[in-house]
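# sequence first, predicted model second:
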Amino acid sequence: MQATALAFAAAAAIFLTACSTANPPAPGDAAPAASGLSGAQKAAIGRKIWQNESGGTVNGLTAWNSGEGFPSLGIGHFIWYPAGQRGPFEESWPQFVAFARAQGANPPAVAQQRHSPWTTKAEFQRQFNGPELSSLRTWLAGNIGVQTDYIISRSRGALPKILAAAPPSERAKIEANYRKVATTPQGTYALIDYVNFKGEGIQATERYNGMGWGLMQVLGNMRDVPSGPAAATEFAASAKRMMSRRVQNAPASRNEGKWLPGWHNRCDTYARPL
């Protein structure tokens, strides 16, 4: 793992150096952090996201977290709502399946249903070792690459949406911080992972007491630091502050404090070299 991480860091450093030569993008035209990633870089990021979400286990590829009304699937724990149930968080499983099929992948029939066929956690757990969930885990474990490509694709589209949604007075700061974070391999990973982890931060439904916790809020609440590792470290610190603020504002019935240590641990990975 250490050799893989070092190889990824070296490759990413070469890529990012090439992107920061004498002709930087004009303001408002920042290239997304995920642009031009090599196959080795994608694989390293995919493994790290899988580790973050479910410890890199195959069983963790199909999960139903306590206190939630939906299953979370794949290395990115893509949300899949049962029929008739909606929540405040963006549903991503149907989008992933459409993306995978467009790439030539063939998900199992159960994966292609519009709504989750499991309506409660108890039902999901009873059928965990049944044919549908077992076949789904087998397919997901054999198709890590397309899941990683979907997560990266989502990351590529994040910055324009964030800048369009942000208050005009905040746009320059948000874009500048994005650029600063994107100048290192660990920062590139952080930007890709956080969008999958907590979203862009632009949905009105993803707010508690009017305060969000997505990438827009993390970038907007960073302290002024130089580009490079310092920016990745501050991104991690800002992400932890946004997670703590979310828990403070969350409805007491959700008991989100139980997740905070794990969320903070994940954010800490953004401050460490890959």
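Here it is on my side, so go on. Numbering: from 1, shown residues only.
# and Lys48, how many residues sit next to it?
With neighbours defined by other CB atoms under 10 Å, the count for Lys48 comes to 21. No exception for glycine: its C-beta is placed from N, CA and C like everyone else's.
# that one: which element?
Secondary structure assigned from DSSP states H and E places Lys48 in helix 39-54.
# flag every buried residue along that helix.
Counting neighbours by 16 or more other CB atoms under 10 Å, one finds that the buried residues in helix 39-54 are 41-54.
# any idea how far the closest residue to Gly214 other than its chain neighbours lies from Trp80?
Nearest non-adjacent residue to Gly214, counting by CB to CB, 6 or more residues apart in numbering: Gly201, 2.2 Å away. Note on Gly201: its distance to Trp80, by CB to CB, to the nearest Å, is 22 Å.
# next one: Trp118
9 Å.
# what residues are shared contacts of those two?
Common neighbours of Trp118 and Trp80, using CB atoms under 8 Å, 6 or more residues apart in numbering, are Pro71.
# just give me the residue closest to the centre of this structure.
Asn196 (1.6 Å; CA atoms, centre = their mean).
# and the next helix or strand past the host helix or strand of it?
Using DSSP H and E, Asn196 sits in helix 185-198. Next in sequence after helix 185-198, counting helices and strands by DSSP H and E, comes helix 215-220.
# now for Arg114, how many residues are close by?
Arg114, neighbours per other CB under 10 Å, totals 9.
# report pLDDT for the closest residue to it other than its chain neighbours.
With CB to CB, 6+ apart as the criterion, Arg114 has its nearest non-adjacent residue at 6.6 Å, and that residue is Pro94. We have a pLDDT of 97 for Pro94.
# assumed Pro94 was part of a helix.
Yes: counting by DSSP: H, G, I helix; E, B strand; the rest coil, Pro94 is located in a helix.
# that one reaches Ser116, doesn't it?
No: Pro94 lies out of contact with Ser116 (CB atoms under 8 Å); the separation is 9.9 Å.
# shared neighbours of these two, anything?
Trp80.
# of these two, who's got more company?
A count of neighbours by other CB under 10 Å puts Ser116 above the other of Pro94 and Ser116, at 23 against 18.
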